[in-house]
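Undergrad: attaching a predicted model along with its sequence, questions to come.
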Amino acid sequence: MKGYGFLITGFKRYFAYKAQVLAKLIASPAELVIMIIVWMSIFNYSGLKEIGGFSLSEMINYYIIIYIVGLIISDKSDTRLGSNIQYGYLAMRLLNPLQIYQLYLNDEFGEKLGILFTQLIPVVIISVLFLGLNSSLINALLFVISGVLAYFMIFFFNMTFGLLYFKVKEYRYTSRIKNMISGFLSGKILPLSVFPLWLSEVIKFLPFNYFFYAPANIFLGKYSLGVSLITLLIQFSWIILFYALFKIGWFKALKEFEGVGI
Amino acid sequence: MPENIITVSDLNKSFKKFERSVGLISALKSVFKRNYITVNAVNNVSFEVKKGEILGYLGPNGAGKSTVIKMLTGILYPSSGEINSLGFIPWKDREKYVANIGAVFGQKSILWHDLPAIDTFNLQKTIYEIPDDEFNKRLNEMTELLNVRDISKTPVRNLSLGERMRCEFIASMLHNPKIIFLDEPTIGLDVVAKEKIRGFIKKVNKEYGTTVILTTHDIGDVEELCDRIIIIDKGIHIYAGSLLDLKKKYVNHRLLKVEFNNEVKKPHLKHCELIEKPDEYTALFKVNITKTGMTNAVKEAFTKYNVYDIDIKEQSVESIIRQIYEETTKKLSDVK
């Protein structure tokens, strides 16, 4: 595989700035801590034992697992494509004898490898030892598969979405809007079972809940084995669909590419 | 006769650009309604490049040079026309094709900014699948030639422009490309760095038979390197041929410097224009050689004045090219 060189540079770049590594270590769990405090207060003041089918301890587990999924699937390939288009670096990337997605994917893997050692493994150890996070072996295994599939889904979704920037040219705010909507519909902000029934029914047909909600439920044992396996199959189908959409869109977009800035 | 390595025929590229008049209101208006205009950046360009030649591709800013280079490297699709380079259609067979070419764009880097250059060299090794021994041999040779041994382990962001450019060349040449595209490779470099880079280009061209296509605003690059030049302006080729032919065709004057033994207030020679008179003893003439021979001008100087010394200079290539640019601009505006 020719692209693995980008994996190595991606990994090295993750560690290029000491301050950045430290800042990521401190900043990223902060969101999780805030969510836990918010839900503790909600449960405390409302006096409810269960919200959307989640008890307080399940809710805390849910956010821990959402945080872990976030570490696995966080992806910014659309903004990367956007900035590459806007500042002309795409032209330089196109000089590589690789498909653009292979290049980005390898680079992301390198970064993920950095995250694995500095964030993911420590967080999993701390969560299991001190925060009471647990699951059955089979669910944990299915969760890992589902998490990886979710990553490829979000990657090709973002790459396809990123094609928009060939036309729009602005990527910062556009991508924020997209992240806000997909975050909301994916269960990253709230478990989807908290939503009114009609909304959670609609969401089932969208790809977003397979980013966060589905892997989290597999881990927490909320899905039966059959449902879990179907979930993996659906995730896989979405990957194929987004990949195909990206490939079709990419060749059309390249015809429009103006290669400014060099 | 070496074979053609690149054939370009009837190449066109047009872009849509939006126009906005100045002012705050029009800035606001442009959010809702935009006036697009079509710009023909490249118009019916055709040319060939021979194996092993160094071709200078010249033109003023915005002439369409970079657009042609980008189509040649497979980055851009043309609006119409054909390119056959090394048997590939660059934009269609991009991934296979670019494995055979290298490119250095003076304005953009292929080096990873945050990492030492050696990391990018190793990256190039993996993506071009260069065997270990070949990689080491070429890397050693080029680091020696460009003198980068001490800097390849420093993060690129801490390098000077000259150091960075030398590393860019290595990164782009490690896979022994058959063609190398250089888009203003000496821009912003000091004299010594320019010399190093030019020497390197010559050597690579000679030893490996690498075909070089070079765009530049630096006439020094052209004079020292190019076998042949093409001049493009407003998307149209306005000259193609050797530097020698260019001089033959376009040189219309020479400079004649005359030093006198005594003070001369207003020196005058037939068909010559006095362009500089630094002091009473010296005069610099522009001799129009389409109207008079140099010998006539020199003879006249010797008969009319008490001459201490003379010096004849050729018209610089830079001024010839400037003259060609100006002529085209005039011709095109006359047509309009």
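TA: That came in fine, so what should we check first?
Undergrad: tell me which parts of the stretch 151-300 of chain B are close to chain A?
TA: B:155, B:183 (CB under 8 Å from any CB of the partner chain). Quick note: C-beta positions are derived from backbone N, CA and C, even for glycine.
Undergrad: show me where pLDDT drops low in the stretch 151-300 of chain B?
TA: Residues of the stretch 151-300 of chain B meeting the criterion pLDDT under 70: none.
Undergrad: for it, what spans make up the strands?
TA: With strands called from DSSP state E, counting those that start in this stretch, the stretch 151-300 of chain B shows them at B:179-183, B:211-215, B:228-233, B:236-241, B:253-260, B:272-276, B:282-288.
Undergrad: and those as JSON lines, adding mean neighbour count?
TA: Shown next, in JSON lines, are the strands of the stretch 151-300 of chain B (neighbours: other CB atoms under 10 Å in any protein chain shown):
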{"stretch": "strand B:179-183", "mean neighbour count": "23"}
{"stretch": "strand B:211-215", "mean neighbour count": "24"}
{"stretch": "strand B:228-233", "mean neighbour count": "22"}
{"stretch": "strand B:236-241", "mean neighbour count": "17"}
{"stretch": "strand B:253-260", "mean neighbour count": "18"}
{"stretch": "strand B:272-276", "mean neighbour count": "14"}
{"stretch": "strand B:282-288", "mean neighbour count": "20"}
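Undergrad: residue farthest from the centroid of the chain?
TA: Going with chain A. Computed with CA atoms, centre = their mean, the residue of chain A farthest from its C-alpha average is residue A:47, at 33.0 Å.
Undergrad: let me rephrase: I mean chain B.
TA: residue B:262 (45.1 Å).
Undergrad: who's in contact with the nearest residue to that one once chain neighbours are set aside?
TA: Closest residue to residue B:262 apart from its sequence neighbours, by CB to CB, 6 or more residues apart in numbering or on different chains: residue B:306 at 5.6 Å. Counting by CB atoms under 8 Å, 6 or more residues apart in numbering or on different chains, residue B:306 touches B:260, B:261, B:262.
Undergrad: how many other residues sit next to whatever residue of the stretch 1-150 of chain A ends up closest to chain B?
TA: In the stretch 1-150 of chain A, the residue that lies nearest chain B is residue A:5 (3.1 Å; CB to the nearest CB). Look at residue A:5: counted by other CB atoms under 10 Å in any protein chain shown, it has 25 neighbours.
Undergrad: which ones are touching it?
TA: By CB under 8 Å, 6+ apart, residue A:5 lies in contact with A:106, B:122, B:123, B:124, B:125, B:126, B:127.
Undergrad: for the chain, what spans make up the helices?
TA: I'll assume chain A. Ranges of helices in chain A, per DSSP state H, are A:4-14, A:18-46, A:56-73, A:77-86, A:89-93, A:100-115, A:121-130, A:137-162, A:164-168, A:172-185, A:197-204, A:213-219, A:225-256.
Undergrad: let's do chain B instead
TA: B:24-32, B:65-72, B:94-98, B:117-127, B:132-146, B:161-173, B:191-208, B:219-225, B:243-250, B:294-304, B:317-335.
Undergrad: returning to that earlier point: against residue B:284, how distant is the residue nearest to residue B:262?
TA: The gap separating residue B:306 from residue B:284 is 18 Å, by CB to CB, to the nearest Å.
Undergrad: over to residue B:90?
TA: Using CB to CB, one gets 49 Å for the distance from residue B:90 to residue B:284.
Undergrad: same thing with residue B:303?
TA: Here the distance between residue B:303 and residue B:284 works out to 19 Å (CB to CB).
Undergrad: please apply the same query to residue A:250.
TA: 60 Å.
Undergrad: can you put the contacts of residue A:5 in TSV and add neighbour count and pLDDT?
TA: Compiled in TSV, these are given as follows (neighbours: other CB atoms under 10 Å in any protein chain shown; pLDDT from 0 to 100):
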residue	neighbour count	pLDDT
A:106	22	91
B:122	19	93
B:123	25	92
B:124	23	93
B:125	20	93
B:126	19	92
B:127	21	91
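Undergrad: who are the contact partners of residue A:49?
TA: With CB under 8 Å, 6+ apart, residue A:49 has these contacts: residue A:55.
Undergrad: show the backbone phi and psi for it.
TA: The phi/psi pair for residue A:49 (degrees, to the nearest 10) reads phi -90, psi -20.
Undergrad: okay, it: pLDDT?
TA: On pLDDT, residue A:49 comes in at 89.
Undergrad: what's the answer for residue A:261, then?
TA: In this prediction, residue A:261 carries a pLDDT score of 53.
Undergrad: in chain B, which residue sits nearest chain A?
TA: Closest point on chain B to chain A, by CB to the nearest CB, is residue B:126, at 3.1 Å.
Undergrad: what's the burial count for residue 69?
TA: Going with chain A. Residue A:69: 25 surrounding residues under other CB under 10 Å.
Undergrad: oops, chain B please
TA: Neighbour tally, residue B:69, other CB under 10 Å: 22.
Undergrad: is chain A contacted by stretch B:82-101?
TA: Yes. Against chain A, stretch B:82-101 shows contacts by CB under 8 Å from any CB at B:91, B:94, B:95, B:96, B:98, B:99, B:101.
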